Each structure stands twice: as C-alpha cells, then as structure tokens.
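Enquirer: With the sequence up front, the predicted model follows.
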Amino acid sequence: MRIYGYCRISTGKQNIERQVRNIQSAFPEAVIVKEVYTGTKFQGRKELDKMLAKVQSNDIIVFDSVSRMSRNAEEGFQLYEELFHKDVSLVFLKEPHINTGTYKKAIGNQISLTGDKVDYILEGINRYLMELAKEQIRLAFEQAEKEVADLHQRTKEGIETARLNGKQIGQRKGTTYETKKAAAAKQVIRQHNKAFGGSLNDIETMKLAGCSRKSYYKYKKELSSL
C-alpha cells in the first residue's frame, strides 16, 4: 500500500506549500505529487495522469480538498467512482464525509435481507441509502465547481469596478516592464559601447553587461530607438 498526496494550484502565483503541509500533517509518509494546472479537464494534468497510472488496489490518494481533485463536477465524480471500484481509497481533508471509506461503510451497513416479501422493501431502502451517498459525493464536487465559478465572477466584477473608478488595470498599452537586470545591462551598453560614444565593441560590452547575445542586441536596439 502506498499513500499519495496530490496538490494542485491553478496559477503560478498561488502557493502550493499550504496543501503540502496539510497533507503531510495528516499523512507524514505520503508521497507528494505537485501540479500547476489552469484548465478544468483531467486529460491535460500530466502529474495526475502519471499518479493514476501507478496507483494500485489498497493505495490511498489524499487531497487537501475536493476542489484539488477536480473543478469539474461531472468528471470529478466519474473519476471518484472509477477509483472506488479499483479499491483505491480517496481522502479529502476538508470534506471527510465523502471519503471513500465513508462510502464503503454505507455499503457495509446495508440492511440484511430476510428471504421473504419484506425483502422488496429492504432492497428499496438499500438502494436509497446508496443513492443518498452518491448524491452527497456529487454535491461536494458541484459545490467545489460553484466556488471556483463564484471566485472568477467576483474577480471579474472587482476588476470592472476598479476600472469604472478610474484605476489602471494591468499594463498600459505601449508600456513595457523592465527588470533590474535588464536596466543594469542597458546602462552598461549606454556608457561603454562604441555605438553610444564608449570605447568597447559589441563582444566586450556584452561580456561586461553579463547578458546573452540575444538580450544584448535586443537592449541595444531599444536604446538606439530612444
């Protein structure tokens, strides 16, 4: 039996370490799988696919929350059922009520049949209990999907409100963002290259500026256009 901890963030600006800490706190021996992915479909998640190809019966996959497994309720539920039937245990730290262990318990708690006509009623109750358990799982995925959609909507509304209030959103058209390294390299080129009145040729200036050939000629072109 192996324990995997799957951590996913939607953008490079988010911090994945919080998920790692939460999982390792509950399962110190978990093998952590990290992924940065911005889409909503499983097909594009390389690390998830690699992990799913390795998991075997009795293995455990731990998620910080159901939203880390999927932001798409339908695909998330399908994967849940697929892994459940492979005897792979799923643990959701923030939604323990939908852990596969809880689902298995619901199956184990089915009412025993009696062998007479009462069984018709008992079979109906058992089916109802299983459908109830399935519905709880599906609702958890749908709630996670809704939370992501709500977050996107609030972000969109916040940006629009800021724009209407006259705030600059993003980079102004025609402006460029320059790193400290690029600015320093340009300063060297401007001061020492022969094209700008200095004494160094291109190779010498490039070495002094400490930049690549491609960056050097890019900076030089930008300086020449000023």
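Expert: Great, that's in hand.

Enquirer: When you work out contacts or count neighbours from here on, use the C-alpha atoms and nothing else.
Expert: Noted.

Enquirer: where do the strands sit along this structure?
Expert: Using DSSP state E, the strands of the chain run over residues 3-9, 31-36, 60-63, 89-92.

Enquirer: Report the contact partners of Asp202.
Expert: Asp202 is in contact with Asn193, Lys194, counting by CA atoms under 8 Å, 6 or more residues apart in numbering.

Enquirer: Also the one 10 residues further on?
Expert: For Ser212, the contacting residues are Met206, taking CA under 8 Å, 6+ apart as the criterion.

Enquirer: so how far is Ile203 from it?
Expert: From Ser212 across to Ile203, the span is 10 Å (CA to CA, to the nearest Å).

Enquirer: Could you check how many residues crowd around His85?
Expert: Look at His85: counted by other CA atoms under 10 Å, it has 11 neighbours.

Enquirer: who touches it in this structure?
Expert: Not one residue lies near His85 by CA under 8 Å, 6+ apart.

Enquirer: Show the model's pLDDT score for Asp202.
Expert: Each residue has a pLDDT score; the one for Asp202 is 93.

Enquirer: typed the wrong thing, it's Gln168
Expert: So Gln168 comes in at 57 (pLDDT).

Enquirer: and what of Ile137?
Expert: 74.

Enquirer: same deal with Ala149?
Expert: Confidence at Ala149, expressed as pLDDT, is 66.

Enquirer: same check, this time on His85
Expert: Reading off the model, His85 has pLDDT 85.

Enquirer: How much space separates Lys207 from Ser224?
Expert: 19 Å.

Enquirer: Kindly apply the preceding question to Ala30 instead.
Expert: Distance from Ala30 to Ser224, counting by CA to CA: 56 Å.

Enquirer: Could you check which of the two has the larger neighbour count?
Expert: Legend: neighbour count by other CA under 10 Å for Ala30 and Ser224, higher for Ala30 (19 against 10).

Enquirer: who touches the more buried one in this structure?
Expert: Contacts of Ala30 were listed using CA under 8 Å, 6+ apart, and they are Arg2, Ile3, Tyr4, Gly5, Ile23, Gln24.

Enquirer: change it to 6 Å
Expert: Contacts here follow CA atoms under 6 Å, 6 or more residues apart in numbering; on that basis Ala30 touches Ile3, Tyr4, Gly5.

Enquirer: if I look at it, how far off is Ile98?
Expert: With distances taken as CA to CA, Ala30 is found 20 Å from Ile98.

Enquirer: residue boundaries of the helices in this protein?
Expert: For the chain, the helices defined by DSSP state H cover 17-26, 46-54, 66-69, 73-85, 100-108, 118-164, 180-192, 202-209, 213-224.
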